[in-house]
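Trainee: Sequence first, predicted coordinates after that:
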Amino acid sequence: MHTALLSALVSLTFSGQADSLTAKQIVDKALDHTYLGSDGSEAQVTMILTSSRGTQRERRLMVWSQRLGKRVRSLVRIVSPPDVAGTSFLLTERAGGGDDMHLYIPALKRARRLVGRARRGQFLGSDFTYADLETKELRDASHRRLPDEKIGRFPCHVIEAKPRPGADSQYGKVVAFVRKDNFVTIRLEMYDDKGALQKQLFVRRLGRTGTRTVIKESRMVNKREGSSTLLRLDSTRSLTSRPDEIFTVRNLARGL
């Protein structure tokens, strides 16, 4: 979903050349292989929401995505439980900016466009915001390399991304930890404009789908609220329908 949500990476062999990359080059390599940026896929995903009190709710999702150059379009639909089934979200990133977001809620029987601060609302009730699904927080930012770090046994590039002047960003900065061996982003830290840590995304498990390395499980932790959201990739396959029929507001409003 966001570049961080479920990424699929083509494995790359680490060499001395990787250490000579600029911050922007490292970010581009990571974004080029995000799950939502794959060349047309259909996935089944489990989302587990954990409140600050430890209570849990589970949701099953269907996710369709396709790359359009360096931008992506994606559709996410809740399959279960029944009380929220059919709730759907459509994202279309635009080359010139001004990404389009539409949300369909079955009880309202219509799709509405998300603009302004509505994009910072909770994505399907989770710890992700709708804006977290865009890649622009990393893609269109000002980048700086920080000292390398090791996450577990994996050496990582550490990149700081700050919004450019005048940009409408929900974060003051984002720090990405990108594995050197395959350019998987295995941790993201999101800070507010005062430098306080808001959220952290942790990649918990990787797997293989064909020739690709994919993130099978990740967890977003909301530091302010004490809640978290786990995403688990249950299955994925190539698109079986024509993309131009999937990624439309009309299809969004069809529900299940």
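Mentor: Looks like it came in fine.
Trainee: following the strand or helix carrying residue 145, which helix or strand comes up?
Mentor: Taking DSSP states H and E as the criterion, the element that holds residue 145 is strand 142-151. Later in the chain than strand 142-151, the nearest helix or strand by DSSP H and E is strand 154-162.
Trainee: And the contacts of that following strand?
Mentor: 14, 18, 21, 23, 26-27, 137-138, 141-150, 172-181, 186-187 (Cβ atoms under 8 Å, 6 or more residues apart in numbering). Every C-beta, even on glycine, is put in place using the N, C-alpha and C of the backbone.
Trainee: Apply the buried test to those and list what passes.
Mentor: Among these, those classed as buried by 16 or more other Cβ atoms under 10 Å are 18, 21, 23, 26-27, 137-138, 141, 143, 145, 173-180, 186-187.
Trainee: So residue 214 lies in a strand, does it not?
Mentor: Yes - assignment of residue 214 by DSSP: H, G, I helix; E, B strand; the rest coil places it within a strand.
Trainee: what's across from it in the sheet?
Mentor: Residue 214 has the following beta-bridge partners by DSSP bridges: residue 8, residue 207.
Trainee: Hmm, it is touching residue 206, no?
Mentor: Yes - applying Cβ atoms under 8 Å as the test, residue 214 and residue 206 come out as touching, 6.9 Å apart.
Trainee: Which one's more surrounded, the two?
Mentor: Using other Cβ atoms under 10 Å, the more surrounded residue of residue 214 and residue 206 is residue 214, with 22 against 17.
Trainee: That one and residue 42, how far apart?
Mentor: Between residue 214 and residue 42 the computed distance is 14 Å (Cβ to Cβ, to the nearest Å).
Trainee: Before I go, just wanted to say thanks for your time.
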